[in-house]
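Engineer: just need the structure, nothing else, for what follows:
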Amino acid sequence: MEPAQERVPTDRADGRGSPTDEAGTALELLVHGVGGTTPEQMLDDPRTVRITGDEVAAVFRRADDADAESQPAQSADRRGRPVPEAYVWCNLTSGNGSRALWLLLLPFMVVNLAHWMRPTARGRLRTVRLYGLLVRLTGLTLTVLLVAAACEVALDLAAWQCAGTRACAERHSWLGFLSPVVSEGGWWSRPGRRLVVAALVPAVLTALLWYLSHRTWSAYESQEPMSRAAEPEEETGRTALSRPGFWYGRRLVARLRAAHTAAGLLTVTAAVGTSAARFDHRPGGPVLLDVLGRLLETALVVAAAGVVWVVCRRGRSEHRLDRELDRHLVRRLPLAAVALLVLTAVYAGWERPGWESAGRLPGNLTFGGITLVQGLLVIALGGVAHVLHRAHPDPRAAMRGLGGPAVAMLACALGGVMSGGVSQRVADWLDGTGTDIPGPPVLLTWQASVIPPLLVVLLALFGWLAWRTWLLRRLEMAAVERDYPDEPLDTTRTRRIARTRAMATLTDRAPLLVAVVSATTLLLGAAALVGATTDKTPGEAARHTYAVVESAAETAQALGSWLIGLGFILFVTWGRRAYKDPSARRTIGILWDVGTFWPRAAHPFAPPCYAERAVPDLTWRMATWTRATGGRLVLSGHSQGSVLAAAAAWQLTPAVRKRVALLTYGCPLERLYGRWFPAHFGSAALSALHRDVDCWRNLYRPTDPIGGPVRLPGDCGPEVDREALKDPLAYGRTARHPLPAPILGHSDYQADPVFAEERERLLGRLRPEVPVQRPQADPGRSSP
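Structural biologist: Residues are numbered from 1 along each chain as shown. Below is the predicted model:
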């Protein structure tokens, strides 16, 4: 690629195209999919130049086409082809090694997805707001859970239990200054002061989450979209993605960031002050400290209520660009939490004769309360989603509209596994024999013990899916023979094609998998919560029962502890590898390509929404180019790029939208997004998009596990979807394919001659529709 240098594809100072543009300038704006690529690969040319953009996301052209508009006679368009441009956005999701830290944010990303999975709703504004409120509260519990897990490790296991036990403190010399025995009664060895020192760990974790959120907020949410007027949605069925402020959520993210940061600090405050207050509240305790403890507890409850109130406030203003920031709230709420934490630290560190650490901190009650609240929120969310789905049933919606609650349940389960895993591993590291310290709360042991039964259910489900896939492969073998009727039969080749087709259909089984996992997790989590009330581990609770029950309980407890620890180790190893290895970091980027398309409306610590940069980029490029040249534009999107293309088309004004043709291939708009996000990509929204753009064609293959037909109702379907493409292009060896043609699946749609044919059809249809419009004002100051 040539050195980055911005080029303006016009030859006049006023930004207008040359007179020869009126002869029919055409542009194909290519948008790549998941995993990313290079401009050289997209444009099939080793010499490319950056037309506009920066190191993160930019538009590229072939070097020979850099000034195509000013030299139309030599441009690709004059040779019968449009000028290709590549929008490369892969660095938005895979960049430097710090992106490996995003693995810590996986539960937050998943719960944020649940926010956008609500069923279609018309005229039920209060119910929709209640749905969003419940998801935001679930996200808040995840922040509290993560910080509570850090408190459990640092305050309870390390500072309270290990430092308070002679044998454990002697094995870990770095805890010696906190041990009353090893330090011979040193100043820091008092229980309250030990907790204050250990509180630095969860406090730093909270600060790190705030920093990551603020840093990405400045880079992503602060990208302002093109200003324009809102369009009516009631008559057209248009999606919320067409609203001017949809991709501009900086105010909401800033407000939620303040609330979640305060919630994390208040969790640390509660962990530090609870034990000291409990000691002071005993009969005969110091009166002054008792009063101070009760005042701090009251302040803690008031601050927690303030955090919940901020989270409960109305979420997003999407009908306009909301440029307000609630600066006083954003600054004062975290500062108030910091002040309360400092006061509590001083209170807990006060000298208390006779206070010694024994047993565990009250973590069982903390984690049990969080688990109970999460379960109740998920159940309530399921009820709201069911009401919305019944009001406007969508037969294609995943899990009959319950996809959002199910995914929220998975987010809670991920949070539980992460918190339980780190607690179990640290406990084993501090006290491998399990004889010196009590260890983590009993509830975490119960939660680890339900992992083996969950794996048994998953294995049974995978076995059933494998059997169904095998049966489908047998049916597909006959279909492959019909698709290649004049070819000599090759059983091995037919079987390979049929197996690829059958495997591609597993994507459509994802709702079943999510439903089984989430329902099983909810039931097993409830059982673990009930079992933890005995204050005994599963093995202890099953003693003196039937031998089979006792053996199963002990096996589940041992295997669960090992599995949750192994999962945590693999998680850390993957993160470390991703930090050092760009290829592994690229794999993580693929996960974020799918999971971070949506704005952070439910959790501010989720990985940033790359579409808040990509969609305005595409919108500005299309609007300014069509304004400057009056040319024909084909927006060509592959895989996730087709989702970005649709979102960008919705953000154009109706006049510009009518001058754009849409070509999608390997497109998950209906197969994934339409089913899992029906309120935003349902059939009504996609039908409106088809009406709004000049024309739209969609290509897919039966071997593609991600892309599929758009399935618009009525006559719109055949107008958009071309019949399934053959894959491979040739069954056997031919003059055109002397070597065996590969099974392409989700990749390389341009290799099929149908691609060029459909692109030419779109350009031909656009030709008589496009008038040349001269700009009357600076396009950056007015709506296109």
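
Engineer: mind listing what's buried in stretch 256-266?
Structural biologist: For stretch 256-266, a neighbour-count test (16 or more other Cβ atoms under 10 Å) marks 256-266 as buried. No exception for glycine: its C-beta is placed from N, CA and C like everyone else's.

Engineer: go ahead and confirm residue 606 touches residue 108.
Structural biologist: Yes: shown here, residue 606 and residue 108 form a contact pair, counting by Cβ atoms under 8 Å, at 4.1 Å.

Engineer: looking at those two, which one has more neighbours?
Structural biologist: Relative neighbour count places residue 606 above the other of residue 606 and residue 108, with 31 against 26, counting by other Cβ atoms under 10 Å.

Engineer: now the more buried one, what's its secondary structure?
Structural biologist: For residue 606, the secondary structure call by DSSP: H, G, I helix; E, B strand; the rest coil comes out as coil.

Engineer: do the same with residue 360
Structural biologist: Applying three-state DSSP: residue 360 is coil.

Engineer: can you tell me how far it is from residue 415?
Structural biologist: Separation of residue 360 from residue 415 (Cβ to Cβ, to the nearest Å): 21 Å.

Engineer: any chance you could map the strands in this protein?
Structural biologist: Per DSSP state E, the chain has strands spanning 26-31, 48-53, 58-62, 83-88, 632-638, 660-665, 695-699. These are given in chain order.

Engineer: strand partners of the second one, parallel vs antiparallel please.
Structural biologist: So the one you mean is strand 48-53. In the sheet containing strand 48-53, its partner strands are strand 58-62 (antiparallel), by DSSP bridges.

Engineer: not counting sequence-adjacent ones, nearest residue to residue 704?
Structural biologist: Counting by Cβ to Cβ, 6 or more residues apart in numbering, residue 704 lies nearest to residue 746, which is 4.8 Å off, once chain neighbours are set aside.

Engineer: excluding its backbone neighbours, what's nearest the residue most central in space within the chain?
Structural biologist: In the chain, the residue lying closest to the centroid (Cα atoms, centre = their mean) is residue 595, at 2.9 Å. Spatially, and ignoring its direct neighbours in sequence, residue 595 is nearest to residue 109 (4.8 Å; Cβ to Cβ, 6+ apart).

Engineer: wait, what's in contact with that neighbour?
Structural biologist: Listed by Cβ atoms under 8 Å, 6 or more residues apart in numbering, the contact set of residue 109 reads 592, 595-596, 603, 606-607.

Engineer: surely the residue nearest to the centre of the chain and residue 609 touch.
Structural biologist: No: Residue 595 sits out of contact with residue 609 when judged by Cβ under 8 Å, with a separation of 10.0 Å.

Engineer: re the thing from before, of the contacts of residue 109, which pair is most distant in space?
Structural biologist: The largest separation in those, counting by Cβ to Cβ, is between 592 and 603 at 14.4 Å.

Engineer: among those two, which residue is more densely surrounded?
Structural biologist: The residue with the greater number of neighbours, taking residue 592 and residue 603 and applying other Cβ under 10 Å, is residue 603; the counts read 30 against 23.

Engineer: okay, residue 360 and residue 415: which has more neighbours?
Structural biologist: Higher neighbour count among residue 360 and residue 415: residue 415, with 26 against 18, using other Cβ under 10 Å.

Engineer: quick check: pLDDT value at that one.
Structural biologist: Confidence per residue is given as pLDDT, and for residue 415 that number is 93.

Engineer: and it, how far from residue 210?
Structural biologist: Using Cβ to Cβ, residue 415 is found at 18 Å from residue 210.

Engineer: low-confidence ranges, the chain, go.
Structural biologist: Across the chain, the ranges flagged by pLDDT under 70 are 1-24, 72-80, 94-102, 229-238, 315-316, 432-434, 572, 575-592, 717, 767-784.

Engineer: now do the helices in the stretch 301-450 of the chain.
Structural biologist: Taking DSSP state H, counting those that start in this stretch as the criterion, the stretch 301-450 of the chain carries its helices at 327-348, 363-391, 403-430, 442-449.

Engineer: counting contacts, what elements does the longest one pack onto?
Structural biologist: Going back to what we said before, that points to helix 363-391. In terms of contacts (3 or more Cβ pairs under 8 Å, 6 or more residues apart in numbering; DSSP states H and E), helix 363-391 is packed against helix 125-151, helix 403-430, helix 442-449, helix 510-532.

Engineer: deepest of these, which one?
Structural biologist: Most buried of the helices and strands packed on helix 363-391, by mean neighbour count (mean count of other Cβ atoms under 10 Å): helix 442-449, with a mean of 27.

Engineer: re earlier: tell me the one of the contacts of residue 109 nearest residue 224?
Structural biologist: Looking across those and measuring by Cβ to Cβ, the closest to residue 224 is residue 596, at 19.4 Å.

Engineer: so that closest one sits against residue 613, correct?
Structural biologist: No: with the criterion set as Cβ under 8 Å, residue 596 and residue 613 do not qualify as a contacting pair; they are 11.1 Å apart.

Engineer: the two: which is more packed in?
Structural biologist: Each of residue 596 and residue 613 has its neighbours counted (other Cβ under 10 Å); residue 596 has more, 26 against 19.

Engineer: and for the nearest residue to that one once chain neighbours are set aside, the neighbour number?
Structural biologist: Counting by Cβ to Cβ, 6+ apart, residue 596 lies nearest to residue 607, which is 4.7 Å off, once chain neighbours are set aside. Residue 607 sits with 27 neighbouring residues when counted by other Cβ under 10 Å.

Engineer: let me see the backbone angles for residue 607.
Structural biologist: The phi and psi torsions at residue 607 (degrees, to the nearest 10) take the values phi -60, psi 150.

Engineer: could you check how far it is from residue 214?
Structural biologist: Remark: distance between residue 607 and residue 214 (Cβ to Cβ) = 14 Å.

Engineer: the residue at the greatest distance from the centre of the chain and residue 275, how far apart?
Structural biologist: What lies farthest from the middle of the chain is residue 284; by Cα atoms, centre = their mean that is 52.6 Å. Distance, residue 284 to residue 275, by Cβ to Cβ: 18 Å.

Engineer: repeat for residue 461
Structural biologist: Separation of residue 461 from residue 275 (Cβ to Cβ) stands at 44 Å.

Engineer: tell me which of these two has more neighbours.
Structural biologist: For residue 461 versus residue 275, the count of surrounding residues by other Cβ under 10 Å is larger for residue 275: 20 against 16.

Engineer: and for the closest residue in space to that one that isn't next to it in sequence, the neighbour number?
Structural biologist: Leaving aside its chain neighbours, residue 275 sits nearest to residue 361 (6.0 Å; criterion: Cβ to Cβ, 6+ apart). Using other Cβ under 10 Å, residue 361 has 22 neighbouring residues.

Engineer: I figured residue 361 was touching residue 270, is that so?
Structural biologist: No: counting by Cβ under 8 Å, residue 270 is not a contact partner of residue 361; they are 10.5 Å apart.

Engineer: residues contacting residue 114?
Structural biologist: Applying Cβ under 8 Å, 6+ apart, we find residue 114 in contact with 135, 138, 381, 404-405, 407-408, 411, 602.

Engineer: check residue 84 too.
Structural biologist: By Cβ under 8 Å, 6+ apart, the residues touching residue 84 are 28, 30, 42-43, 61-62, 65, 76.

Engineer: which one of these sits closest to residue 125?
Structural biologist: The shortest distance between residue 125 and any of the contacts of residue 84, using Cβ to Cβ, involves residue 30 and amounts to 39.0 Å.

Engineer: and the closest one, how many residues sit next to it?
Structural biologist: When counting by other Cβ under 10 Å, one arrives at 24 neighbours for residue 30.

Engineer: perfect, I'm done here.
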